[in-house]
Structures are given as C-alpha cells and as structure tokens.
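*Asks:* Fold the following and give me the result.
(2 chains)
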Amino acid sequence: MADPFLTVASRLAPAYSAVAGGPSDPVVRPSDRADAQSNGALPLAKALGRQPREVAEQVLAAAGDLSDILASTEVAGPGFINLVFADRFVAAGLSSLATDARLGVAPAPDPRTVTVDYSAPNVAKEMHVGHLRSTVIGDAIVRMLAFVGHRVVRENHVGDWGTPFGMLIEHLVDLGEKEAAHELGVGDLDGFYKEARRKFDSDETFATRARNRVVMLQQGDTETLRLWRTLVAESTSYFNKVYRQLDVLLTDEDLAGESKYNDLLAPVVERLRGAGLLVESDGAEVVFPAGFTNRDNEPLPLIIRKGDGGYNYATTDLACVIDRVENVGATSMLYVVGAPQAQHLEMVESVSRSAGWLAEGTEFVHVAFGSVLGSDRKMLKSRSGESVKLSALLDEAVERAASAIAEKNPAMPADERAQVARMVGIGAVKYADLSSDRIKDYVFDWDRMLSFEGNTAPYLQYAHARICSIFRRAGLERETVRAARPVLGDPRERALALMLMRFDGAVREALDGYHPHRLCTYLWDLASAFTSFYENCPVLRAEDDVVRASRLLLCDTTARVLAQGLGLLGIGAPEQM
RNA sequence: GCUCACGUAGCUCAGCGGAUAGAGCACUUGCCUCCGGAGCAAGGGGUCGCAGGUUCAAGUCCUGCCGUGAGCGCCA
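*Replies:* Model (predicted):
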C-alpha cells in the first residue's frame, strides 16, 4: 500500500509551486515551534506577504480533489499540508540524530558567561520546601545552559552574614562548641536557630551580648570570626549532605555568601555617591530609582546604608552585580529567587543600570517562581513551624519509591533497589517541581508528587527502563543498531520519529525565558509517543529484519533522548526499576 | 490605596497570535498464553473569571472590572 503521506506530498508539491509562482518548499523544520502539525501554508503566506488562510485555500484548490487521500489519513483541513512535506525529512533526520552524540541539539550561536544565583539557604537555618524550588529550578537551568555551550558560573548566595549572627554566635558560646557542632552537624538547624531567637527575645543580657557580638563580627575580631566560621562550616557541610541527597551540582566551590561581599559594601556607597545617585533620606543613604512608589505614592528608595550606618541586603546585591560583571565577566545574570522578591530585584537592576554597571546587552533576569502552598492553599512558612524539613521530605520520597519498587519488581536485589529508589524518589520530587510553569504557586501534595502515574518522572523513567529491557532481552549492544535505515510505515513510528527530532527545539524553548517545564512537557510527549509505539509495534518480533532494525533504532534513540532530557533536569534514568 | 502575579474540564495542569482548546488524575468500557500493565486503546466531561478593544485570526496581545495571592524605608 502506498504511503498516504507521500501521496499527498506528491500531489501538493505542484500546487504549492503554482501558488508561489515558482519552485517552493514550504516545509517547516519539525523542530520549529510551528511543527509538522501546524499550518503549512503559514511560511509561504509570510514569504508572499499574503493571508495564510487565503494561501492555504488556493493551494488546496490548485491540488484538485484530495478526498481520496483525506479518507486514508487521520488528518483533515488545511493544516495537514505541512505534515506530509515534513515527513519527507523524517527518515533522514532520524538517521542523523541517531549517530549524533548531542542528539541533534545545536550549540548556542552566542555563548555567554552566565551567573546563576540559586539555592541560597541561611546558615543555622533549616532548608525547607522553598529552597527546594530555587535549588531544583536553578540546577536544571545550569545543566541546560552548559549543555548548549554557555559558560555557567554557579553562585550559592548563602545567608551567612548580618545581625542574626550575633545571637547565633552567643548561643554557640553558651552551648559549647562541641555540642553546637553536633546539633548543626546532625541537621537540627531549626532547633539551634529557634533557641537562639528565644533567648534573644526573652533574655535582655543575652540580647545585649548578641548586639555586641555583631559589632565584633563586623570589626573582624579574630575570636568572633573563628566562632562564625564554625557556624558556617557546620551548616554548609549539612547543606552539602542535602545537595548530595538531591543530586544537584552545587559544591563548596560555588559558595558565594553574603560575607564574601563585605569588603565591597563601602565601595558600592562611594561609587553611587560618585555617580550622583546617593541621597540622604530620614537619616539613611538611599537611591531613588525612577518609577517606584510606596504605599503613600511617594518615591520608594533602595536603602544603601541604614540610619545606624549599617548596610543591608540591597547593598550586598549591588556589590554582587559589580563582582559578577567586573570579576566574573558575566554577560548574563540569573536570579532564581521567589516571586515576592520581584520589586526588590527590579530596583537593584534599575540602580545598577543607572550607575552604569551593566553594559547595554547584559541580561539581568529574575527567574521567579511561585510560593509553596499547603493543602489549604495558604503559604507554607518556616516561621509558623508547619514547614516540612527538606531532608525529611527527600527521605520519605526515597522510602516510598523503594516500597513501590519492591512491590512492582520483587526480584530486584535490595542494594540495587536502594540505588534505583533514590533516582525514582528524588526524580519524582524534582519533576513535580519542574513540570509546571515556575511562576505559578505550587501546592505541596505528597500523594500527587509520589503517585507514579501520568506526567511524572517515574513514567518517563519507566519508558526508559522498558527500552533497556528490550536490549537486554535481545542481547544487543545499544550502539550496534544506530546505522540502521529508518522505515516508518506505521503512524506510531512516524509520530515517534518526529517527536525525537524535536528535542533540539524543546531544549531551546526551555532556555528561552528559562522555563524548565517546557522540556518536561516535551519529554512527557515523547514518552507517550513511545509507549503508544511500544504497545502497537512489536520490536523483537517485527515482521522482518528491516523493520526490526528500524524499530531498534527508534528504541535506542528514544532511550538516549529520554536519559539526556532527564539528565538536563537533574534526574537519573535507571536501566531497571 | 498603589504595584506585581495568577484565574483554562470535578481536581492538578499544558497551550510562548493560527486547525474543531489538549493532557494527567478521578469516572465508564475494552486489552495480560503477547518485547516489563508504573502501561495501551476508547468514552463522557469546557461560557478559557467578566466586559470591551486591536487583528484576516485572541485562551494567547491591550484596557477596565471581579476573584485569589504577594509586595510596598532602614529584616534578608
């Protein structure tokens, strides 16, 4: 039976040429946004400067009666035009994709130096679900940027400086360093912080000591700095445990805490003064960026130096901008920070631009994300005590995954199960966070997060594991099938091949505006296309060797794209689960 | 009060100016002598918050309103 798509293609080619007034190839590359199923007349209409609908109708009229073909395809209407043209390229495209180590993803034409500011937990404070979002989204963006060839500088702007450290250090002294180190080391950061806070609020003697200690810290007192380093070291080693548990890229090399910028704060003030931006207001030194007003409709300042002479986080953020531009060489700065910080970051950008610190083309992007909500749809706040400890959450995810695996695959040895459970459990949590648009609020829901159905990481991982299983069963090395010639007779084979070729576009779309969920959506579509293919097109028992080889090629390429795509999200792809 | 974000099926969400608005969950019905059923195939379920505007074309862009949430001078 003749391929209906090729039949339509051959019938429409002269019609297109007639309408275009000469040879015309209106094919849109399948990786384009307007993919194979969009309106094929659109590019031609744009080229001709005419109305798409009119052009489509003209093409159809020139093609004559197509009812016989339409009856034999699942598509109808003017939009199908492009589908048939794109199909000519599918086999060739799949062949080149299969032998390409980068799976068709083109390097960025304009490699930049990008700083990514993310995670940013506070020393001596527990990491909670809010840090999960920043850490996971930032990690995915870092991996995608690096994959397409940008120079990426990870910056973990930990809260390791400022007034709370007076009370934290005094509490450390009270406890004794050993005991304090133990508490922090085992991750009882909340207990430590809360106790320090309680004493600060209730004990005037302690509060006085704490305030004195802040002064000593800022003056660089040796003993105070030593105690401070103890706090920081114990906390960061705990953060590192969580990062390893989460399987993110952050290491001590990426630490760029607030303390790092301490010596740059005074120069920030001087440079702003030199630029004529600094104004005295209510005893503080401030800058008034244009267009910001407060609740009384008066100009809203960015406070650079407080009335008591101290600096605050705006000053630190400005010092960061200078450091990133002048020392790191950033041409793009990303801030993976919650949406409530939007106005603050806008003001920081505005002041930085006014001061001339940002070159014309330098990107300053707030990669904002919504709040984590409880089941009551109210914000989950750490202060209220109802927040979930991140490390406990991750442990539970892995436990749940382990019991699911034990149930579904009892033959798997316990040690391997533990390893796979990490990939599945952590992957489920990360994917749940990454798979919806980051700007929206996020309802924290154990059941949905860990139910391994629908658009979840385990579904994608399962598709990958099934492919690995086929190769195990056949006793075939994956690399050996990549030279096969694709034959795409079944619509499910064609759909899968088209989907594979869109990987490049999916990565680009995810990076355009920094939306990891677009990659998730693509991977879900790909896995769906695969399982549909898998259920309907026998691979090892294909009707002949040519089809079998082609289907093995499809399987291998699918597995590679899934593993690579999940990898860009920071999620593992086990071979069995 | 001002500013920002969000509002799409019972629930959770895609849809970045282009076909008759799509998925998952839940619900209904088929499919395990068959490469892994964590699956597949099919069905019911919609005033895209409301009203204007721009456009050949609006869930998508603009304006106003309604609802929800957040932010708004010395915390970070």
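
*Asks:* After the helix or strand hosting residue A:237, which helix or strand is next?
*Replies:* Assigned by DSSP states H and E, residue A:237 falls within helix A:222-246. Moving toward the C-terminus from helix A:222-246, the next helix or strand (DSSP H and E) is helix A:265-274.

*Asks:* Buried residues in that following helix, which are they?
*Replies:* Neighbour-count burial for helix A:265-274, counted by 16 or more other CB atoms under 10 Å, picks out A:265, A:268, A:269, A:271, A:272. C-betas here are computed from N, CA, C, even on glycine.

*Asks:* and which of these is nearest RNA strand B?
*Replies:* When the buried residues of helix A:265-274 are ranked by distance to RNA strand B (CB to the nearest atom of the strand), residue A:265 comes first, at 10.8 Å.

*Asks:* what residues are up against residue A:207?
*Replies:* Residue A:207 sits next to A:167, A:199, A:200, A:201 when contact means CB atoms under 8 Å, 6 or more residues apart in numbering.

*Asks:* filter the residues you listed to the buried ones?
*Replies:* Using 16+ other CB under 10 Å, the buried ones in these are A:167, A:199, A:200.

*Asks:* What is the nearest of those to RNA strand B?
*Replies:* Within the buried ones among the contacts of residue A:207, distances to RNA strand B taken as CB to the nearest atom of the strand reach their minimum at residue A:167, with 11.6 Å.

*Asks:* Using CSV, write out every CA atom in the one helix or strand the closest one maps to.
*Replies:* Here residue A:167 sits within helix A:164-175, counting by DSSP H and E. Output in CSV follows, covering the C-alpha atoms of helix A:164-175 (Å, rounded to 0.1, in the frame of the first residue of the first chain):
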residue,chain,number,x,y,z
PRO,A,164,21.3,37.3,63.4
PHE,A,165,24.8,36.1,63.7
GLY,A,166,25.3,38.0,66.9
MET,A,167,22.7,35.8,68.7
LEU,A,168,23.8,32.7,66.8
ILE,A,169,27.4,33.1,67.9
GLU,A,170,26.4,33.8,71.5
HIS,A,171,24.2,30.7,71.5
LEU,A,172,27.1,28.7,70.2
VAL,A,173,29.2,30.0,73.1
ASP,A,174,26.5,29.1,75.6
LEU,A,175,26.1,25.6,74.2
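
*Asks:* so what secondary structure elements neighbour the next helix or strand after it?
*Replies:* As assigned by DSSP H and E, the chain's next helix or strand after helix A:164-175 is helix A:177-185. Secondary-structure packing of helix A:177-185 (3 or more CB pairs under 8 Å, 6 or more residues apart in numbering; DSSP states H and E): helix A:164-175, helix A:189-202, helix A:222-246.

*Asks:* quick one: the last one to helix A:177-185, angle?
*Replies:* Put plainly, it is helix A:222-246. Relative orientation of helix A:222-246 versus helix A:177-185 (axes from the mean of the first three to the mean of the last three CA atoms, to 10 degrees): 30 degrees.

*Asks:* Give me the buried positions along helix A:222-246.
*Replies:* Using 16+ other CB under 10 Å as the test for burial, helix A:222-246 gives A:224, A:227-228, A:230-232, A:234-236, A:238-239, A:242-243, A:245-246.

*Asks:* now do stretch A:392-412
*Replies:* For stretch A:392-412, a neighbour-count test (16+ other CB under 10 Å) marks A:393, A:394, A:396, A:397, A:398, A:400, A:401, A:402, A:404, A:405, A:412 as buried.

*Asks:* could you dump these to JSON lines with pLDDT?
*Replies:* Compiled in JSON lines, these are given as follows (pLDDT from 0 to 100):
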{"residue": "A:393", "pLDDT": "89"}
{"residue": "A:394", "pLDDT": "93"}
{"residue": "A:396", "pLDDT": "91"}
{"residue": "A:397", "pLDDT": "93"}
{"residue": "A:398", "pLDDT": "95"}
{"residue": "A:400", "pLDDT": "92"}
{"residue": "A:401", "pLDDT": "93"}
{"residue": "A:402", "pLDDT": "94"}
{"residue": "A:404", "pLDDT": "91"}
{"residue": "A:405", "pLDDT": "93"}
{"residue": "A:412", "pLDDT": "94"}
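
*Asks:* Read off the pLDDT value for the residue of the stretch 451-577 of chain A found nearest RNA strand B.
*Replies:* Nearest residue of the stretch 451-577 of chain A to RNA strand B, counting by CB to the nearest atom of the strand: residue A:454, 1.7 Å away. pLDDT recorded at residue A:454 is 88.

*Asks:* anything in the helix or strand where residue A:504 lies sitting right up against RNA strand B?
*Replies:* Per DSSP H and E, residue A:504 falls inside helix A:503-511. Yes: counting by CB under 7 Å from any atom of the strand, RNA strand B is contacted by helix A:503-511 at residue A:509.

*Asks:* And the contacts of that helix?
*Replies:* Helix A:503-511 is contacted from outside by A:30-33, A:35, A:97, A:103-106, A:141, A:144-145, A:147-148, A:515-519, A:521-523, A:526, A:561, A:564-565, A:568, using CB under 8 Å, 6+ apart.

*Asks:* Drop anything exposed from these.
*Replies:* Neighbour-count burial (16+ other CB under 10 Å) applied to the contacts of helix A:503-511 gives A:30-32, A:35, A:97, A:103-105, A:141, A:144-145, A:147-148, A:515-519, A:521-523, A:526, A:561, A:564-565, A:568.
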